[in-house]
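K.L.:
Quick one, fold the following:
(one chain, ligands or ions: 2)
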Amino acid sequence: MRTAYTSDQIRAAERALMARLPEGTLMSRAASGLASACVRALARVRGLVYGSRVVLLIGSGDNGGDALYAGARLAARGARVDAILAGSRAHQAGLAALRAAGGRAAEFAPDAARELVSAADLVMDGLVGIGSAGALREPYGTLAGLVADAPGLVVAVDVPSGVDASTGRVDGPAVRAHATVTFGAYKIGLLVDPGASFCGTVELVDIGLGPYLPDADVAAPTAGDVAGLLPSPAAESDKYRRGVLGIVAGSDTFTGAAVLSVGGAIRAGAGMVRFASVEESVRYVRARWPEAVTTVLAPGSTGVLDDIGRVQAWVVGPGLGTGSHARDLVAEILGTDLPVLVDADGLTHVARDRSLLRRTGPTLLTPHAGELARLLDVPREDVEARRIEHVRRAAHELGATVLLKGSTTLVAEEDRPVRVNSTGTPWLATGGTGDVLSGIAGALLAGGLSCYDAASCAAYLHGLAGRAAAAGSARGARPGGEAAIAALDVAEALPDVVRAL
Ligand SMILES: NC(=O)C1=CN([C@@H]2O[C@H](COP(=O)(O)OP(=O)(O)OC[C@H]3O[C@@H](n4cnc5c(N)ncnc54)[C@H](O)[C@@H]3O)[C@@H](O)[C@H]2O)[C@@H](O)CC1
Ligand SMILES: [K+]
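P.N.:
Numbering: from 1, shown residues only. Ligands and ions are numbered 1, 2, ... in the order given. So this is what the prediction gives:
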């Protein structure tokens, strides 16, 4: 599990560790890790450090200090290093080290800064780190803008400046980095959007903080965590013991969602899928997935669960419709004691009548930002800007496990760390992939995982499967080697992805 922390948590741990070490030890560890990462990056793009042009953007705090010391190390290896001093002051010892190693430094001036940045092989962003508060002030905002057009590599020191390290919130301009070298532990804002999308690849430099960190409020499962959680069949397994999932989805108008949800469940390893819907949807599901056992629901019929047969978990909602019959089906399923995943139109019914969620069995809700906004009755922009806060609030207020979809997916449950998943790819932003996700998570629920684990594993596998489908390979993408995908490709890529875990 990769754990992540707020700025305050990191600071407290740093204080505790610093009290036991000679002054300057931590900054020296940070700068050394940062310089090594820059050397590797320069070696990749230029072949060598000697003669490369490096520009340091320096703010007034210790984040600038890290960059100055790392710049000094690069200068000592023959890089031509220029520091742009953008703050009211600069870390004096760091500045002296840079100068002693042959680097240069000058106060920020717009034209000179533009010229330096546009000629740099590597720009190091040491404007602000975990000490940042609110939107970037000038001239930092201008520098973040210059960096956006930089032809060279952009390496953020600890956190891309402009990203709130504790939440991932971005108010105004921010540095968009190719890589972020972060110290001691992951900050929450590096894993959660919108911040996460400014980081590029994130590299963690160990400075010895581990023993001083508190229990994490945010964690990202790794491949090993997911492999350890996934149910796998044993010799005595049969289809019932592996987990029977009931899916109630689709309508006369929306048949595709049902096909995709059933596909996700089958490919994710449900022992059996029992699917129930109106005739039109059942016809499409039968044609694509003969493995599913189907029940045709007469229009308007209720009291149908006994006809569908025994299941261990339910998925309800994809393509179901927002009319009163759909509402009755959602209510009936939520009236059971079984784990229930509510998605799509199912969420509309729950948003209209929260009392549907007063139940004894476990509930997993899988909204995107717009659906979560409706569930909480807040503007969608608020959810998108402060995703962690809203997903936590939803789990608390609705008494359910909540999976918030997006480019990074969040899973919240009362009194548990928020789980973050960033395995996805922008190619997944296409119609129907959410329906596949509902089937995957449903299959894992039926297989005996808790809502929390089912949701986190499903998000992980779904993201990787999207990546694999876009790359045409379970081993992931080659740069430039990706193409558009259809939602069913994601379901079809699942077995390869699970094999490669
Ligand atoms: N504390 C430690 O033990 C260590 C700290 N390290 C580095 O120190 C950083 C934290 O240093 P600081 O606490 O000095 O804080 P920062 O360097 O992150 O920022 C503080 C400075 O930025 C200014 N500032 C804050 N918000 C701003 C905004 N929105 N626009 C413009 N200026 C703004 C403040 O006035 C202050 O001068 C970490 O991110 C990391 O890079 C590392 O050297 C590792 C060890
Ligand atoms: K920074």
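K.L.:
what about the protein, any weak spots by pLDDT?
P.N.:
The model of the chain has pLDDT under 70 over residues 474-480.
K.L.:
again, only this time at 90
P.N.:
Scanning the chain with the threshold set as pLDDT under 90 gives 231-242, 299-302, 407, 472-482.
K.L.:
Quick test: name the residue nearest the centre of it.
P.N.:
T408 (2.5 Å; Cα atoms, centre = their mean).
K.L.:
residues contacting that residue?
P.N.:
L191, V192, D193, A196, R387, V420, N421, S422, G424 (Cβ atoms under 8 Å, 6 or more residues apart in numbering). The way it works is simple: take the backbone N, C-alpha and C, and place the C-beta from them, glycine included.
K.L.:
Kindly reformat those as a markdown table containing distance to ligand 2 and secondary structure.
P.N.:
A markdown table is the format used below for those (distance: Cβ to the ion, whole Å; DSSP: H, G, I helix; E, B strand; the rest coil):
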| residue | distance to ligand 2 | secondary structure |
| --- | --- | --- |
| L191 | 16 | helix |
| V192 | 17 | coil |
| D193 | 18 | coil |
| A196 | 15 | helix |
| R387 | 21 | helix |
| V420 | 21 | strand |
| N421 | 25 | strand |
| S422 | 20 | coil |
| G424 | 25 | coil |
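K.L.:
The residues you listed also near ligand 1: which ones?
P.N.:
With Cβ under 6 Å from any ligand atom as the criterion, the contacts of T408 include none near ligand 1.
K.L.:
of the residues you listed, closest to ligand 1?
P.N.:
Nearest to ligand 1 out of the contacts of T408 is L191 (Cβ to the nearest ligand atom; 16.1 Å).
K.L.:
I'd like to know how many residues surround the closest residue to the closest one other than its chain neighbours.
P.N.:
Excluding its sequence neighbours, the residue lying closest to L191 (Cβ to Cβ, 6 or more residues apart in numbering) is V420, at 4.6 Å. Using other Cβ atoms under 10 Å, V420 has 27 neighbouring residues.
K.L.:
Which residues does V420 form beta bridges with?
P.N.:
L410 (DSSP bridges).
K.L.:
Now do the contacts for it.
P.N.:
A4, L191, V192, V218, A219, A220, T408, T409, L410.
K.L.:
Check these against I266 and report the nearest one.
P.N.:
For those, the closest approach to I266 (Cβ to Cβ) belongs to T409, at 21.7 Å.
K.L.:
Could you list everything the residue of the stretch 1-150 of the chain found nearest ligand 2 pairs with in the sheet?
P.N.:
When scored by Cβ to the ion, the stretch 1-150 of the chain has D125 as its residue closest to ligand 2, at 4.5 Å. D125 has the following beta-bridge partners by DSSP bridges: L57, A156.
K.L.:
distance of L356 from R374?
P.N.:
L356 is 14 Å from R374, where distance means Cβ to Cβ, to the nearest Å.
K.L.:
So if I had to pick from these two, which one is more boxed in?
P.N.:
More crowded of L356 and R374, by other Cβ under 10 Å: L356, with 19 against 16.
K.L.:
my guess is the more buried one contacts V330, does it?
P.N.:
Yes - in this structure, L356 is within contact of V330 by Cβ atoms under 8 Å, at 6.5 Å.
K.L.:
list residues touching both of those two?
P.N.:
With Cβ under 8 Å, 6+ apart as the test, L356 and V330 both reach H349, V350.
K.L.:
neighbours of the closest residue to G246 other than its chain neighbours, just the number please.
P.N.:
Leaving out its chain neighbours, the residue that sits closest to G246 by Cβ to Cβ, 6+ apart is V311, at 3.6 Å. Neighbours of V311 under the rule other Cβ under 10 Å: 24.
K.L.:
And A113, how close does it get to A120?
P.N.:
Taken as Cβ to Cβ, the span from A113 to A120 is 11 Å.
K.L.:
May I have stretch 385-397 exported as CSV, CA atoms only?
P.N.:
C-alpha atoms of stretch 385-397 as CSV (Å, rounded to 0.1, in the frame of the first residue of the first chain):
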residue,chain,number,x,y,z
ALA,A,385,-12.1,20.7,-7.0
ARG,A,386,-12.2,18.9,-3.7
ARG,A,387,-12.7,15.3,-4.5
ILE,A,388,-11.4,13.7,-1.2
GLU,A,389,-13.5,16.0,1.0
HIS,A,390,-16.7,15.2,-1.0
VAL,A,391,-16.2,11.4,-1.2
ARG,A,392,-15.5,11.3,2.5
ARG,A,393,-18.6,13.3,3.2
ALA,A,394,-20.7,11.1,1.0
ALA,A,395,-19.6,8.0,2.8
HIS,A,396,-20.4,9.6,6.1
GLU,A,397,-23.8,11.1,5.2
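K.L.:
Pull the residues that contact it.
P.N.:
Contacts of stretch 385-397 (Cβ under 8 Å, 6+ apart): 167-169, 188, 192-194, 218, 365, 367, 369, 372, 375-376, 378, 382-383, 400-402, 404, 406, 408, 410-414, 418.
K.L.:
Buried members of these into PyMOL, please.
P.N.:
Filtering these down to the buried ones (16 or more other Cβ atoms under 10 Å) takes a single PyMOL command:
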select buried, resi 167+168+169+188+192+193+194+218+365+367+369+372+375+376+383+400+401+402+404+406+408+410+411+412+413+418
